[in-house]
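Q: quick one: sequence plus predicted model below, questions after.
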Amino acid sequence: MARNVLVVAEVRNGALRPVSFECIAAGRLVAEGGSVTAVLLGQDGAFAQELIQRGADKVVVVKGAGLAQYTPDGWLSALQAVAQDVRPDVVFTGHTGIGRDLAPRFAQRNGAGMVSDAIDVKVVDGQVVFTRAIYAGKAYAKQVIPQGQIVATIRPNNLAALEPEAGRTGDVAEVAAPAADLRTVVKEVVRQSTGGVDLTSAKIVVSGGRGVKSAEGFAPLRELAQVLGAAVGASRAACDAGYCDYAMQVGQTGKTVTPDLYIACGISGAIQHLAGMSASKVIVAINKDPEAPIFKVADYGIVGDLFEVVPLLTQEFKALLAQG
Amino acid sequence: MEILVLLKQTFDTEAKVTVEDGRVLDDDVTLVINPYDEYAVEEGLKIREAVGGSVTVVSVGDARVDEALRRALAMGADEAVRIEPPAGADEVVVANLLAAYAKDKQFDIVLGGNVSVDTGAGQTALRFAEILGIPHVAAALKLEVAGSTATVHRDAEGDTEVVEVPLPALITAQQGLNEPRYPSVPGIMKAKRKKIALLTPADLGVAVSPQTQVIEIFQAEQNRRNTLIKGSAAEQAKQLVQLLRSEAKVI
């Protein structure tokens, strides 16, 4: 069954987000002969070609000064206008700050069912089947939307994007944003002071627990993260102790992460923390206590003092990455 | 100020999840107020303490949910309402039930959790706002109400956006918004005497069908290498980096 797919592409820090390419790849998979349209809201056309190279058949660029900063009303009305034109059977966004804010209202406005935070998308016997984590990864559910339009947010880092295809061509349309009454007004945006990598889409996460002992104790972890281009996370114990901000918390409360590499430093491995990170591809645990439960879920364990081991690791990685 | 809090009961986050015969066993599990909804309850109480008014908590769920509602009453909520769920209720159904309850009640502010720690979908509260046609601000880290406007500091993937929104509005709580209070002994005694109102979908005139269907629930065992790296700290560091490159191939 051919399906027309609409993907909401996102730009962050001057580049298309990898999850947008992952959404396009998922779109190609479920399109089965239908077309994949990517929509860029509040951007100029500069990124359109890249989306086509990654598998989009068509790109719609919605221009409007009010879209540069995300607001639910602005983006929803612009997306709604594009959807009325494209008439998609399936709409995908990344499970990002914007996607998770936008998609539920879009689904409700269109009477559509929605699957949040899918980690896998397949077509089984003609039906689109989503896999998602429940209880933050303590179990998984397969979910379908038997009738009508399908809306889903896709978790970053879980589906493979298509390799860019240099000669690929497609239509690019530019449209003006519809007039919208923006009820929420963003007065100010305070950028995160760590200047860091976004935790939920990072390929590598370095996390600290109670074992970091203080706010200053995160310094060696930040240095390691810097060398690796990694995000810095934390356990609830570290957040509760005031060593770091709750925005850094990984766990069932806090963020669920699925990086390629998760380095847990001074984290004992409480069940609620494990729920948030145990789907990481490779897990490293560094802890003084050989009995810490974190070692049971680790691929590589080092029993030792993180303040001794982590700086040495930073040196080793630096040397390795310098070799290329 | 009339304040409504949307509340869900969930497993305690320290609970082990067991899947048997394709369903999650919930018989011997400690149930709690979804932690994000508990921040919403606390914030509702703080607003009431600052500007007056009342706090109503509403939840869709079976009789066990009374315990969570009772706790919210013990924390200080004024009224509690439980709505019986129809079979197979998904986010669409729950949002419609909650919206049908709220629609003619003139609430000034509706609070909920940013996400629930069980299904983790983060849809219900936003669908609720869409049904009622009110604006929303999600993932609040700080909330100030002045007159008919709320100013919200919201978490936007680590950045903080300062957003102004006219009331009535829905605001969802992110971790860090506040520190929920423990119920006091007098609060617990008072809550015991309060009646929890019970409504059915028929009472609310809601006959919405679920739009999603769960076809399988399973648990996946991750096969971990469990390699313990020995030696001096310097040797351990060197060996780990080599293994990550040559064996795990993640660097």
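A: Thanks, I have the structure now. Numbers count the residues shown, from 1 in each chain, chains lettered A, B, ... in the order given.
Q: looking at the stretch 51-200 of chain A, which residue is nearest chain B?
A: A:Gly113 (3.0 Å; CB to the nearest CB). C-beta coordinates here come from the backbone N, C-alpha and C atoms, glycine included.
Q: can you tell me the SS state at B:Ala237?
A: What DSSP: H, G, I helix; E, B strand; the rest coil gives for B:Ala237 is helix.
Q: rewinding a little: which residues sit in contact with the residue of the stretch 51-200 of chain A closest to chain B?
A: Residues counted as contacts of A:Gly113 (CB atoms under 8 Å, 6 or more residues apart in numbering or on different chains) are A:Ala107, A:Ile145, A:Gln147, A:Gly148, A:Gln149, A:Ile150, A:Val151, B:Asp90, B:Val92, B:Pro210, B:Gln211, B:Thr212.
Q: now the residues you listed: which count as buried?
A: Neighbour-count burial (16 or more other CB atoms under 10 Å in any protein chain shown) is assigned, among the contacts of A:Gly113, to A:Ala107, A:Ile145, A:Gln149, A:Ile150, A:Val151, B:Asp90, B:Val92, B:Pro210, B:Gln211, B:Thr212.
Q: the second one contacts B:Gln211, correct?
A: Yes: in this structure A:Ile145 lies within contact range of B:Gln211 using CB atoms under 8 Å: 6.0 Å.
Q: how many neighbours does residue 99 have?
A: With no chain named, the answer covers chain A. Close neighbours of A:Gly99, defined as other CB atoms under 10 Å in any protein chain shown, add up to 26.
Q: ah, no, chain B please
A: B:Ala99 has 24 neighbouring residues, counting by other CB under 10 Å.
Q: ok, now which ones touch it?
A: B:Ala99 sits next to B:Phe128, B:Ile131, B:Leu132 when contact means CB under 8 Å, 6+ apart.
Q: for the residues you listed, pick the one with the most neighbours.
A: Comparing these by number of neighbours (other CB under 10 Å), B:Phe128 comes first, having 28 neighbours.
Q: for the closest residue in space to A:Thr314 that isn't next to it in sequence, which residues are in contact?
A: Distance criterion CB to CB, 6 or more residues apart in numbering or on different chains; nearest residue to A:Thr314, sequence neighbours excluded, is A:Leu224 at 4.6 Å. A:Leu224 makes contacts with A:Val206, A:Ala230, A:Ile263, A:Val310, A:Leu313, A:Thr314, A:Phe317, as judged by CB under 8 Å, 6+ apart.
Q: domains in chain B, as residue ranges please.
A: Domain assignment for chain B, taken from automatic domain parsing, gives B:2-204, B:225-251.
Q: looking at the ones you listed, which is buried most?
A: Of the domains of chain B, the one with the most neighbours on average (mean count of other CB atoms under 10 Å in any protein chain shown) is domain B:2-204, at a mean of 20.
Q: starting at the chain centroid, how far to that one?
A: 6 Å (CA atoms, centre = their mean, to the nearest Å).
Q: wait, a strand at B:Ala50?
A: No: note on B:Ala50: no strand contains this position according to three-state DSSP, which reports helix.
Q: contacting residues around it?
A: Contacts of B:Ala50 (CB under 8 Å, 6+ apart): B:Val145.
Q: please apply the same query to the one 4 residues further on.
A: Contact analysis of B:Ser54 by CB under 8 Å, 6+ apart lists B:Glu2, B:Ile3, B:Arg48, B:Asp78, B:Glu79.
Q: bridging residues for it?
A: Beta-bridge partners recorded for B:Ser54 (DSSP bridges): B:Glu2.
Q: look at it and report its pLDDT.
A: What the model reports as pLDDT for B:Ser54 is 98.
Q: which SSE is the residue nearest to A:Thr184 when sequence neighbours are not counted in?
A: Counting by CB to CB, 6+ apart, B:Val165 is the residue found nearest to A:Thr184 once chain neighbours are left out, at 4.8 Å. Secondary structure from DSSP states H and E places B:Val165 in strand B:159-166.
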